[in-house]
Structure formats: C-alpha cells, structure tokens
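J.: Quick one, fold the following:
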Amino acid sequence: MSRGSDSAEAALMQTESWGSIEEVVNAPVENVAGDATWPSVLCMWLTLPLNLIQGCIGGLCRFAMAFFVLGCYCCRCIPGWICCAAMASVKCGRPCILAPSWWRYVLGGFIALLANSRSRLALFIWEWEAFGKGDHYWHGEGYWSVTYEECSTITKSQQKRRSAFACIEACVPDLFASNILLFLPTGGPESEWAAIRKVLHAAMLDRGAYHYTERLQKLSSQLAAEWPEAKLTDFDDTEKLRLMVVKCVFFMIFGIWLEDNDALILRKWRDYAVFFVLPRLIHRFIFNFAIGRVKQLRVDTVGVIEKHGLQQMFVDMNKNLPEKYRRPTDVKLCDEIMFAVGFAGIGGTSACCETVGAFLQRKIPEEASAHLISFEKYPTTEDMLEAYKASPVKYIKESCRIDPPVTSCTRVDPDERELLFKGVPYTMPPETLNQYVISMANRDTKIFENPDVFDPTRKELDQALTWNGAFGTPNEETVYPRICPGRFLALDVAQAIVGHVVGIKDDGRDARMFC
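T.: Model (predicted):
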C-alpha cells in the first residue's frame, strides 16, 4: 500500500472516530416530565391569562408563592389537595394531570425574579423568607440549603449527582451536553468523574506545564496589542469585556489568539447564560427558541475547534480515558469538554470580570442587587483602585464572595430527611434534589462579619465557598473534591484583564499568591 493511501486511510479512520456534532445535539431528549409534554404546553397557552394572573400573585406575594409550592397544610388529609401543590406534584413524578400547579408556579418564579431586579441572590433571599427563614426552602424540584455549615459539609462530601441543574431536571442532550462533569457523581478516584477531570487537567489546566506558563507570560502583551489605551470606564462595555475573556481563555488553553468572528461565537456562552436555568416546560412554552440557539452554539463551538485543527487534543483525551468511560465518538467528548469551557470557563470568568470592573468604579453589576452590597469601606474609586493594587487576588476573591458567578449547585440527596417549611415538617424522600446555595452561605453571619460589606481584607475571606469549595485553604483539592478545576485559570485571566486596564503588569504570576 502506498504512503498516500496510508494517509488517506488514517484520515478516514480519524473522521469516523471523530463523529458528527449534529448527531450529538439532535439525539433523543431525556427526562421529560409529564407536565413538560407538548399537550401540557398547549393547555398552558390556552389558559395563559389565568396562569399569568396567578403567576403575578405568586411572584409578588411570598405567602402565595409558598402556597403554590406547599398547598394548604390543613387540607393535606383531603383527597385531591395535591392538585394545587408543586412540591406534591414533584413527589408524584410531575404527571401531566397535575401540570396546572406547575404552569402558575414557573410563571410566578419568573415574575419574582423580575421583581427582585433580576438578581438571583435577591430572589433566593425572597424565597427563603417566603418559607419561614429557616435552614431550607423549596424551589423547582427540591429543597435548598442556605447555611454555611451545611453547604460546607456538602462541598466536602462525595456528592451524588444526575442530569439536573438549578434543582430541576436538566434539558439533556439538547440544551446541556450529556455526561458533563457537572452531572457526574463524584464516586472516588476510580470514577468516571475522576477520570474525565484527570484528562481535562492534564490537557488544559495544569499550571505547572511549560505551555501554560509560557502563555501566561505572553498574555499581557496579547491584551496590550488587542486592547490599547484601555481605561476603567471600558469595563462598562460588557460586550468588549466578554470578548477579551473569550480570547484570553482560548489562548491559555489552546495557544491561539482568536479573531473576532470566532470569539463572537464563543462569547455567546456568557450571553446565553439565562437560558440554562429555565425548565423544559418554559423552553417548550417559547417553542424551544432558546434551546435552538444553544444547540447551534454547541455546533459552532465545535466548528471553531475544527477550523483551527484542534481535534487531536480531544482524540487523545478520549484515548487516555479508561476504556469503560470512553465516548463512542471523539466529538462527543469534545462537546462535553467545550461545554465546560464555555459555560464555566468563559461564562464564569466573564461574570467575575464584570463584577470586579463594576466594583472598581463603585457600581453595582447588572445582575446584582444594590441593597445587598455596600461599598462603605471604600468611599471613592481611588480607594477601590488602591485596594485592588494592594492584593489583586484578595480583591477578586472578595468580589466573587459577595457576587459569585456560580450562586448554587445541584446534588442528589441519597437519604430521607424531614425539613421544616414555615414551621411545618415535610418529609423529603431519598433521591430528592438538593441545591446548596453558595451565595447565601457566603453571607452567613456566623462566619462572615458584616457580610454585605465589600472588604478584601476580611480575615475569613478564604472560607468563602465561591469556587465550590474554600479556595485558599490547605489541601483544598483533598478537602473539597469538587472544587472548580479551572479556578486558577479564572484568576489568571481576571488578573491579566483587570491588570491591563488599571495599569498593573503582572506576567507570570506566582502560584503562591493563591495560597
């Protein structure tokens, strides 16, 4: 056989191994509840005026929202009481016959978010108050834990997980990629989660690798060429800021500084952030408009990888997985990994930079609530700049404590437990979804003094659970198994961007700064 035919055969084998991203995103949908079926959606549209009226009442009145979820406690002995209770519908498997309880409930939740200035933290506090200000409240398909003690215990545990996000069954595989790290149970060092995290770290996130250090040293010069004469008010241009985050993250991982047309594609991972928290019922209510956009984004993201000839990295990653965890096609793993890069690496780092940029100007970020953040310790912009220059890492960590990019995480509670809502006991069966609320734990007054006050010098700063664990504590990866694997990358990129704008040259940051 000739050398040319050998090359052609190898290319064919790699193409077959690579697979089709269209087949991945268009695979049959999973975990569709009865109340999210198309007949239910049609009925929701037909009764929209009534649902909107009820939704407005629930979204503006805490008592009504609690009633939508719990029903009337006094009527629990009456047959049919569950027809008006979203929580009871969840315990019954969310059948189509109980869909009306969810129609008004999801609309009420959306209206409550708007009423709370679109701030997730403000919404969480509002719902917590609606359920009696205890250690837990209910939202979506499970209970939410708000205390630092419980959230810290959860982050230190071997978490059980499934395809769920924001305490609701996730839209898989059309909105979310299936089998992503976010959905895999921890399971110990031999688990699928551990295997994928290991190859991800080795290929992309190893700060000790030569290529990482070399790219980090070049990052400031890349920014200077791309973004000359940057000034503090440029942080107000979030589109430009997000574009810079995309280019920096991609450069640090792949060593390529993207042109605008490719970066604009990947910027949508941040632009589309709101789509990921919506349940399938709402996605179908808007005729899968948002899902269609995210599916195209996933296809286009893989297209960027293919355009720059980066497939081999994912081919090697798939080969390096234990055989039982290998994906049937290399593009399937590429989709999963790039989902994490886009959703967390680009989306999370963009949110971090937006918050830091706003705080430096003593402004409240767009998705935050003014009454929950105080700048009283730093009365001027000059004071803020001095605080940043005194310790960029502490400034960034405190910004993300008080306005975290990731506000909460979903796990599965394997045990039955009894919880109090409005002082009344309710039994949670095994396998109930549980959301641990990082943004509220980071404000627990038992741990954080004056938690609403922005203060990078606070002594308890390293106890914040912002990156799904207390970043900066000794042996953090052992103590917090699911601590974000990209936390150093996020800080490196944030420091480079903010340093460029405020005039700090910090090529080759010392890893000890993060300890």
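J.: what's stretch 160-169 in contact with?
T.: For stretch 160-169, the surrounding residues in contact (Cβ atoms under 8 Å, 6 or more residues apart in numbering) are 30-31, 33, 139-142, 144, 170, 172, 176, 178, 182-186, 276-277, 279-280, 408, 410-414, 433-435. C-beta: built from backbone N, CA, C; applies to glycine.
J.: ok, 6 Å please
T.: The contact list for stretch 160-169, computed with Cβ atoms under 6 Å, 6 or more residues apart in numbering, reads 31, 139-142, 170, 172, 183, 185, 277, 279, 410-412, 414, 433, 435.
J.: so where is the chain shaky, pLDDT-wise?
T.: For the chain, applying pLDDT under 70 flags the ranges 1-15, 73-83, 505-515.
J.: Residue ranges of each domain in it, please.
T.: 32-115, 141-514 (automatic domain parsing).
J.: Distance from the first one to the middle of the chain?
T.: I take that to be domain 32-115. 26 Å (Cα atoms, centre = their mean, to the nearest Å).
J.: Are any of the contacts of stretch 160-169 buried, and if so which?
T.: 139-142, 170, 172, 183, 185, 277, 279, 410-412, 433, 435 (16 or more other Cβ atoms under 10 Å).
J.: Looking at those residues, which are in helices?
T.: Assigned to helices by DSSP state H, none of these qualify.
J.: what's the residue closest to the geometric middle of this protein?
T.: With distances taken as Cα atoms, centre = their mean, the residue of the chain nearest its centroid is Val406 (5.0 Å).
J.: That one - that's part of a helix, no?
T.: No - under DSSP: H, G, I helix; E, B strand; the rest coil, Val406 falls outside any helix and is assigned coil.
J.: Next secondary structure element downstream of the one helix or strand Pro39 maps to?
T.: Here Pro39 sits within helix 38-46, counting by DSSP states H and E. Where DSSP H and E defines the elements, the next helix or strand beyond helix 38-46 is helix 48-60.
J.: which residues make contact with that following helix from outside it?
T.: Looking at what lies outside helix 48-60 - Cβ under 6 Å, 6+ apart - the contacts are 64-65, 68, 103-104, 107-108, 111-112, 115.
J.: List buried residues within those.
T.: Buried among the contacts of helix 48-60 (16+ other Cβ under 10 Å): 64-65, 68, 103-104, 107-108, 111-112.
J.: Throw those residues into JSON lines and include secondary structure, thanks.
T.: Converted to JSON lines, the buried ones among the contacts of helix 48-60 look like this (three-state DSSP):
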{"residue": "Ala64", "secondary structure": "helix"}
{"residue": "Met65", "secondary structure": "helix"}
{"residue": "Phe68", "secondary structure": "helix"}
{"residue": "Trp103", "secondary structure": "helix"}
{"residue": "Arg104", "secondary structure": "helix"}
{"residue": "Leu107", "secondary structure": "helix"}
{"residue": "Gly108", "secondary structure": "helix"}
{"residue": "Ile111", "secondary structure": "helix"}
{"residue": "Ala112", "secondary structure": "helix"}
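J.: does Pro365 sit in a helix or strand, and which one?
T.: Using DSSP H and E, Pro365 falls outside every helix and strand.
J.: cool, and Ser17?
T.: Ser17 belongs to helix 3-18 when assigned by DSSP H and E.
J.: distance of the residue nearest to Tyr143 when sequence neighbours are not counted from Cys56?
T.: Excluding the flanking residues, the one nearest Tyr143 by Cβ to Cβ, 6 or more residues apart in numbering is His136, at 4.9 Å. Counting by Cβ to Cβ, to the nearest Å, the gap from His136 to Cys56 is 26 Å.
J.: Please tell me how far stretch 277-293 is from the chain's geometric centre.
T.: 18 Å.
J.: My error: substitute stretch 204-220 in the last question.
T.: Counting by Cα atoms, centre = their mean, stretch 204-220 comes out at 25 Å from the chain centroid.
J.: Need the residues that contact that stretch.
T.: Against stretch 204-220 from outside (Cβ under 6 Å, 6+ apart): 252-253, 255, 485-486, 488-489, 492, 496, 507-508.
J.: what does stretch 171-182 give?
T.: Counting by Cβ under 6 Å, 6+ apart, 27, 29-30, 163, 170, 196, 280, 291, 294-295, 335-336, 339-340 sit against stretch 171-182.
J.: chain center to that stretch: distance?
T.: Centre to centre, stretch against its chain (Cα atoms, centre = their mean), the figure for stretch 171-182 is 13 Å.
J.: Lys218: helix or strand, and which one exactly?
T.: Take DSSP H and E as the rule and Lys218 turns out to sit in helix 210-226.
J.: Could you list the buried residues of the helix or strand following that helix?
T.: Scanning forward in sequence from helix 210-226 by DSSP H and E, the next helix or strand is helix 238-254. By neighbour count on 16+ other Cβ under 10 Å, the buried set for helix 238-254 is 238, 241-254.
J.: can you check stretch 327-345 too?
T.: Result for stretch 327-345 [16+ other Cβ under 10 Å]: buried residues 327, 329-345.
J.: Okay, now it: how far is its last residue from its first?
T.: 22 Å (Cα to Cα, to the nearest Å).
J.: I'd like the numbering to begin with 56 instead of 1 from here.
T.: Yep, numbering from 56; the last one is stretch 382-400 now.
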